[in-house]
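[1] have a look; sequence and predicted model below, questions after that.
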Amino acid sequence: GIVYTLFMLVALLSFVKAINVNESIINYAKLFTLFSAAYNISIILRSDPRHLRILSVAMSLLLIFDSFTVFYHVGTSFLEGKGPNIYNIKSIYSNKNILSAALFVKVPFALWLLAFDKKRLKALGFFTILVALVAILLMSTRTFYLGFIFMTVVFVAFMGIRYHRKQQRRQLITLFISVGATIAVAFILFSGVLKFLYPQSEQNPYQVDFLTRLKSIGQGESGRTEGWKRTFKLIEEHPVLGVGTGNWKIEVLKYENLTSKDYIYMYKAHNDFLETASETGIIGGLLFLSVFLLIGYNFLRAFFRRGAAEKSYMYLFLPAFGIFAYSFDAFFNFPADRPEICFLFAIYVGAGIAFSKVGSWQWAVGSGQ
């Protein structure tokens, strides 16, 4: 919370370097709205940690809804006698990529139910993860294919250490079987859709199997990587206060204008960490990054503390895994400019602030709440 507040102050100082002050005002208003939301969420969750269960159930149900909208569009396209155009599937969101991000970044809510709840809600977590995984596979977004791999490894490692520490061998075996079965069922369903519902003659980069799509990461995207290079140049030129919050797309034109022949320019750097550093300076960029790192550190410190009770880290699990999922979108895209994903950032950071200091809410745990 302190680091997040310092970041807001540094972003405010960057106004002195802004070419377009109006753009800075608009952008800072968005930053402050998000900051206020995270602050309010932290107050609500700190007052009663039980709200986290209600929130996880609600967001899991929303994730199921988002997943079924993907299935609906795929199914209706097949019934109309044509293969689904994945690029046009966007549900209630602005485009394909935002829908894919909304699917992936909400997965930690289902993981929390799976890891810490019992019976029906644990089953809800399993079902949510299964349908979300199938939907993510169908959306064919490389960023979240990569994120899915890392998220699975980290979650299995966490649960494995947890069960091993408690000497719960049976639960450990059940975990590996359950995770393996969930992934297997998801891939069988995905492969079936590719084989029977997609037109075989159409050459579409999105309508390919998991490995083929994942291998295309190595091909890179020149527009994104060139944007990152130009952003590094801005950081080198303005290391202290940056170019002014919201002014990246203006300052970068002096480089981009020399290479763009059709006068179509990028308005985001496709990396929120780099863009934030270029707009608020290196200190601002490090403060923004520290929000992510400190949430993860606080969770790991609580989890690996000798003799730690489960309730000392169970509430930190959601913000840690949530900000981990969000970081994939932030590294390759620009969720800070998309309200549909920003509110998830506010939830995760608010929860991280609420539960990082155990002493402030230990009364609730001790009283059985």
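    Arrived safely. Small disclaimer: the values here were computed from a predicted structure and weren't measured.

[2] max-length helix in the chain?
    helix 272-303 (DSSP state H).

[3] residues of that helix that come out buried?
    For helix 272-303, the neighbour count (16 or more other C-beta atoms under 10 Å) marks 272-292, 294-296, 298-299, 302-303 as buried. (Glycine included, C-beta is placed from N, CA and C.)

[4] one more: stretch 122-135?
    124-135.

[5] what is the longest helix of the chain packed up against?
    Other helices and strands packing on helix 272-303, by 3 or more C-beta pairs under 8 Å, 6 or more residues apart in numbering; DSSP states H and E, are helix 2-13, helix 222-237, helix 248-251, helix 314-332, helix 339-356.

[6] which of the buried residues of stretch 122-135 sits closest to I92?
    Relative to I92, the closest of the buried residues of stretch 122-135 is A135; by C-beta to C-beta it sits at 13.8 Å.

[7] residue contacts, that closest one?
    Residues near A135 by C-beta atoms under 8 Å, 6 or more residues apart in numbering: 66-67, 70-71, 103.

[8] ok, now A346?
    For A346, counting by C-beta under 8 Å, 6+ apart, the contacting residues are 34, 37-38, 41.

[9] ok, it to V105 distance?
    12 Å (C-beta to C-beta, to the nearest Å).

[10] measure K30 to F288 for me?
    14 Å.

[11] S56 reaches L113, doesn't it?
    Yes: between S56 and L113 there is a contact at 5.3 Å, judged by C-beta atoms under 8 Å.

[12] so what's the most centrally placed residue in the chain scoring on pLDDT?
    Most central in the chain under C-alpha atoms, centre = their mean is Y326, positioned 2.0 Å from the mean C-alpha point. Listed pLDDT for Y326 reads 97.

[13] give me the neighbour count for N271.
    N271 is flanked by 19 other residues according to other C-beta atoms under 10 Å.

[14] leaving aside the residues next to it on the chain, what's closest to S327?
    In space, S327 comes closest to F292 once its chain neighbours are excluded; the distance is 5.7 Å by C-beta to C-beta, 6 or more residues apart in numbering.

[15] for A269, that is, sorry about that
    Per C-beta to C-beta, 6+ apart, closest to A269 is E275, 3.9 Å.

[16] contact partners for that neighbour?
    By C-beta under 8 Å, 6+ apart, the neighbours of E275 are 231, 248, 268-269, 334, 336.

[17] flag the shaky bits of the protein, pLDDT-wise.
    Within the chain, the stretches with pLDDT under 70 are 81, 83, 199-206, 217-222, 357-369.

[18] please determine how far the residue nearest to A269 is located from R50.
    37 Å.

[19] and M139, by the same measure?
    M139 sits 33 Å away from R50, going by C-beta to C-beta.

[20] look at those two and report which has more neighbours.
    Just comparing M139 and R50: by other C-beta under 10 Å the higher neighbour count belongs to M139, 24 against 11.

[21] check which helix or strand covers the closest residue in space to the more buried one that isn't next to it in sequence.
    Leaving aside its sequence neighbours, M139 sits nearest to S100 (C-beta to C-beta, 6+ apart; 4.4 Å). In this structure, S100 sits in helix 96-105 according to DSSP states H and E.

[22] what is the orientation angle of that helix with helix 339-356?
    Angle of helix 96-105 versus helix 339-356, following axes from the mean of the first three to the mean of the last three C-alpha atoms, to 10 degrees, is 20 degrees.

[23] export helix 96-105 as CSV, just CAs?
    The C-alpha coordinates for helix 96-105 follow below in CSV (Å, rounded to 0.1, in the frame of the first residue of the first chain):
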residue,chain,number,x,y,z
LYS,A,96,-10.8,-11.2,-28.8
ASN,A,97,-7.7,-10.3,-26.7
ILE,A,98,-9.7,-8.6,-23.9
LEU,A,99,-12.0,-11.6,-23.7
SER,A,100,-9.0,-14.0,-23.5
ALA,A,101,-7.5,-11.8,-20.8
ALA,A,102,-10.8,-11.8,-18.9
LEU,A,103,-10.8,-15.5,-19.0
PHE,A,104,-7.3,-16.1,-17.8
VAL,A,105,-6.9,-13.3,-15.2
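
[24] in terms of secondary structure, what does that helix contact?
    Using 3+ C-beta pairs under 8 Å, 6+ apart: helix 96-105 touches helix 51-79, helix 119-139, helix 142-165, helix 314-332, helix 339-356.

[25] can I get those in TSV including distance to V185?
    As requested, the helices and strands packed on helix 96-105 are arranged in TSV below (distance: least, C-beta to C-beta, whole Å):
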stretch	distance to V185
helix 51-79	14
helix 119-139	6
helix 142-165	14
helix 314-332	22
helix 339-356	26
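
[26] T5 is nearest to which of those?
    Judging the helices and strands packed on helix 96-105 by C-beta to C-beta, what sits closest to T5 is helix 339-356, at 10.1 Å.

[27] roughly how far apart are the residue nearest to S327 and I173?
    F292 sits 33 Å away from I173, going by C-beta to C-beta.
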